[in-house]
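>>> coordinates only, no sequence provided:
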């Protein structure tokens, strides 16, 4: 009985830890910038098949739900990712899914040359320089890494970063501990000041 209770408690603790860490990452390196225009940058994931895979479909959903719907913002959604593991760019696959399946009818731009997260940020900069607010859509750890890269490449643009709708309680709860472990590994190169929420 005690052993079973211990396993259950450990499982609950792991789920709570995964939720907390993903929640925290979604709130690091973002501010409360105001403005009338915004860009939502959706980062691609390796996609060897002819249609958007599970991860890219999730990222598209995060991107679409991150678009401000209050009518006061002009929003462009930038899909970013090259043809990695496929003859079709991740950006193109995600945009097709957004338009044909999710019925997104907003403004879309494609950045279809990037092979890494660093290149994603480098290559989208010319597309997002003139907006007032920038949101990066991906899993929370990956989005944080991209925000840190924008801060390194263009600190002036990093001041425009605001939170995307990349964390929701109870979404993917079972896999969040695994995402948290993977996130800790992928974020190991970030500096201490890139891991803390802005004041």
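Looks like it arrived, so ask away. Bear in mind the structure is a predicted one, so any value in this text is a computation, not a measurement.
>>> buried set for stretch 117-128?
117, 119, 120, 121, 122, 123, 124, 127, 128 (16 or more other CB atoms under 10 Å). Backbone N, C-alpha and C define where each C-beta goes, glycine included.
>>> what about residue 163, how many neighbours?
Residue 163: 19 surrounding residues under other CB atoms under 10 Å.
>>> tell me the contacts of it?
With contacts defined as CB atoms under 8 Å, 6 or more residues apart in numbering, residue 163 is in contact with 26, 27, 30, 135.
>>> give me the next element, helix or strand, following the lengthiest helix in the chain.
Assignment by DSSP state H gives helix 2-25 as the longest helix of the chain. Next in sequence after helix 2-25, counting helices and strands by DSSP states H and E, comes strand 37-43.
>>> quick one: distance of that next one to the chain centre.
10 Å (CA atoms, centre = their mean, to the nearest Å).
>>> name the surrounding residues that touch the following helix or strand past that strand.
Past strand 37-43, further along toward the C-terminus, the next helix or strand under DSSP H and E is helix 54-65. Helix 54-65 has contacts (CB under 8 Å, 6+ apart) with 40-45, 47, 52, 77, 79, 90, 93-94, 97-98, 102, 104, 137-139, 164-166, 172.
>>> buried ones in helix 54-65?
Buried residues in helix 54-65, counted by 16+ other CB under 10 Å: 55, 56, 57, 58, 59, 60, 61, 62, 63, 64.
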